[in-house]
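Trainee: Build me a model:
(2 chains)
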Amino acid sequence: MPPLAGQGRCLESVPWRGAPVSPGETTLEVSVSHNDHTGSTLAAHVRQVTGLNPARCYQCGKCSAGCPMAAEMDFRPHDVLRLIQQDKREQLLSGESLWLCLTCETCTARCPNECDPARVIDTLREMVWRDNGGAGAPRHIRAFHKSFLKQIRRSGRIFEFGLVAGYKMRTGSLFSDVGAVPGMLKRGKLALTPTRIKGLDEIRRIFDKCAAAETDAEEP
Amino acid sequence: MKLGYFPGCSLHATAREFDESLRAMAPRLDLELDEVEDWACCGATSAHNTNHLLSVSLPARTLAISEAQGHESLLAPCAACYSRLAYARHALEADPSLCDPVKDAIGREPPTTVQVLSIVRLLADLAPRIREKVATALDGVQIACYYGCLLARPAELNDVGSVEAPTAMEDVVKAVGATPVVWNQRLECCGGGFSLSRKASVVRLSRSIVEDARAAGAAALVVACPMCHLNLDFRQKAIARRSGERADMPVFFLTQLVGLALGMSATELGLGRHYVSTADFVARLSGQEGAAESASEEIKEVG
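Mentor: As a prediction, this is how the structure comes out:
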């Protein structure tokens, strides 16, 4: 979607209430800073990577109203957009909230101004993952992603028994759901040996190239 | 009709009965499934949460192989796989700057022609054929059609006709004689990939789905996603502990419901692999004396 020139300028004179604005920071300054999107702001990064303009968000809150995880988040989807506009990098990127998004896409489907919060949140998670391997994510969610990706790299497919074992080693929650294993085996839902695809070298190449592209990407 | 087939990882493990019921049903609807050779995982949630290029490249490789096998359409029954494969096709078309890095990563030409198809779209399109072949009509059986997220959203990848008010699944359910109930939670999220990593959220979200289906008078839930099935079926015991209800709402894959109507057996459809028993539901369908016992025996044997 081509970014629209001048989006967000109308906010300049409108007092805004809602997300925190630190002392001394007027809404006028906020609007101007999220409007130019040059340099190394979060908004500029999101815009560069996705073509989406965070300044388009006018805080109607429809995204958060439909978000199934909003009740568990410190920053709900519309707060995320506001914090980007305010360039509150540390506050936004170090928290758990980003990692609680399930990508159900309700926010994106309902946004009246095409801000695509789901894609924006993925973009921020990718930044955090690249910078520090997902520090700040809830431990169990981080462990899940690490185990999951390792399984794909190792086998080309998810071997669920190995996934669960790897996840448990990382989290130390060795006994949660252990009672479920016999039932899963009885129902034929858990394979005991992994299936490795033939094109594993291709999969490793994909992982290596994508990691390299990540490193090469211009730092925000 | 010949279709490319991408089962995905879940259909070889926790959702084996989705694969079994689909493969068993296919010949009866004149479908030939040609599995993508040496397919790899679509990357699912973990890839798109952490690396956008990876989340496009993993499915792009599978799609490229599918095209090389001559597939015009590729069936991805798992809603999450459907979403990731369809997204990769969409992203490569919408953002040409992705093509070079993806080509470099997969070492093949990025896909440009194959159409990714969800099971709901396929069966909705085949509804007239299904109606003709029904052997055991599910007359008057009340069914809650649960879409979840990824078949309907985002709009660019919607495969069920409408983002907020789809009817594709209901069309299939009507074709087998059943009655779709009117309820509120059919497009809400079940907690998806948090099944392992954030169980409390899954129980909270899935509980409202099961309770709403029950309040609407549904005799069963129908899904088209392995993660939805896991959260609503496997986790129903945990939900019941929380709500004080019984874990007695059977959760069928859409293919299983159609298979039952086509006259296929519980064994063929993998009904014994479920956590919430489907025996009573199946027995009521056949409506015969002693049917409940024979159905539950058959279902137990599979387990």
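
Trainee: neighbours around residue 61, how many?
Mentor: Picked chain A for this. A:Gly61 has 16 neighbouring residues, counting by other C-beta atoms under 10 Å in any protein chain shown. C-beta coordinates here come from the backbone N, C-alpha and C atoms, glycine included.

Trainee: hm, I was asking about chain B
Mentor: 27.

Trainee: Same check on B:Pro180?
Mentor: Using other C-beta under 10 Å, B:Pro180 has 20 neighbouring residues.

Trainee: residues in contact with it?
Mentor: B:143-145, B:169-170, B:173-174 (C-beta atoms under 8 Å, 6 or more residues apart in numbering or on different chains).

Trainee: Out of the residues you listed, list just those in helices.
Mentor: The members of the contacts of B:Pro180 that map onto helices under DSSP state H are B:169-170, B:173-174.

Trainee: Pipe those into a markdown table and attach neighbour count, pLDDT and distance to chain A per row.
Mentor: Shown next, in a markdown table, are those (neighbours: other C-beta atoms under 10 Å in any protein chain shown; pLDDT from 0 to 100; distance: C-beta to the nearest C-beta, whole Å):
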| residue | neighbour count | pLDDT | distance to chain A |
| --- | --- | --- | --- |
| B:Met169 | 28 | 98 | 17 |
| B:Glu170 | 21 | 98 | 19 |
| B:Val173 | 28 | 98 | 23 |
| B:Lys174 | 18 | 98 | 25 |
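
Trainee: show me where chain A has helices.
Mentor: Counting by DSSP H, the helices of chain A are A:27-36, A:42-50, A:62-66, A:77-85, A:89-93, A:106-110, A:117-132, A:139-155, A:160-171, A:180-186, A:200-216.

Trainee: Make JSON lines out of those helices and add distance to chain B, mean pLDDT and mean neighbour count.
Mentor: Output for the helices of chain A, formatted as JSON lines (distance: least, C-beta to the nearest C-beta, whole Å; pLDDT from 0 to 100; neighbours: other C-beta atoms under 10 Å in any protein chain shown):
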{"stretch": "helix A:27-36", "distance to chain B": "23", "mean pLDDT": "42", "mean neighbour count": "17"}
{"stretch": "helix A:42-50", "distance to chain B": "8", "mean pLDDT": "95", "mean neighbour count": "20"}
{"stretch": "helix A:62-66", "distance to chain B": "9", "mean pLDDT": "98", "mean neighbour count": "19"}
{"stretch": "helix A:77-85", "distance to chain B": "13", "mean pLDDT": "98", "mean neighbour count": "26"}
{"stretch": "helix A:89-93", "distance to chain B": "14", "mean pLDDT": "95", "mean neighbour count": "16"}
{"stretch": "helix A:106-110", "distance to chain B": "5", "mean pLDDT": "97", "mean neighbour count": "24"}
{"stretch": "helix A:117-132", "distance to chain B": "4", "mean pLDDT": "96", "mean neighbour count": "21"}
{"stretch": "helix A:139-155", "distance to chain B": "4", "mean pLDDT": "95", "mean neighbour count": "21"}
{"stretch": "helix A:160-171", "distance to chain B": "5", "mean pLDDT": "85", "mean neighbour count": "18"}
{"stretch": "helix A:180-186", "distance to chain B": "6", "mean pLDDT": "87", "mean neighbour count": "14"}
{"stretch": "helix A:200-216", "distance to chain B": "4", "mean pLDDT": "91", "mean neighbour count": "16"}
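
Trainee: nearest to B:Arg129, of those?
Mentor: helix A:106-110 (31.1 Å; C-beta to C-beta).

Trainee: Alpha carbons only: can I get that closest one in PDB?
Mentor: What follows is helix A:106-110, C-alpha atoms only, in PDB (Å, rounded to 0.1, in the frame of the first residue of the first chain):
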ATOM      1  CA  THR A 106      -8.900  -9.300  14.200                       C
ATOM      2  CA  CYS A 107      -7.200  -5.900  14.700                       C
ATOM      3  CA  THR A 108      -6.000  -5.800  11.100                       C
ATOM      4  CA  ALA A 109      -9.400  -6.900   9.700                       C
ATOM      5  CA  ARG A 110     -11.200  -4.200  11.700                       C
END
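
Trainee: Show me what it packs onto, helices and strands only.
Mentor: With contacts defined as 3 or more C-beta pairs under 8 Å, 6 or more residues apart in numbering or on different chains; DSSP states H and E, the packing partners of helix A:106-110 are helix A:62-66, helix A:117-132.

Trainee: Go ahead and name everything in contact with it.
Mentor: Contacting residues not belonging to helix A:106-110 are listed as A:62-64, A:66-68, A:77, A:116-119, B:149, B:152-155, B:163-164, B:187, B:189 [C-beta under 8 Å, 6+ apart].

Trainee: how far is that helix from where the chain is centred?
Mentor: Relative to its chain's centre, helix A:106-110 lies at 15 Å (C-alpha atoms, centre = their mean, to the nearest Å).

Trainee: what does stretch B:190-200 give?
Mentor: A distance of 18 Å separates the centroid of the chain from that of stretch B:190-200, by C-alpha atoms, centre = their mean.

Trainee: and that stretch, does that touch chain A?
Mentor: Yes - judged by C-beta under 8 Å from any C-beta of the partner chain, stretch B:190-200 and chain A are in contact via B:191-194, B:196-199.
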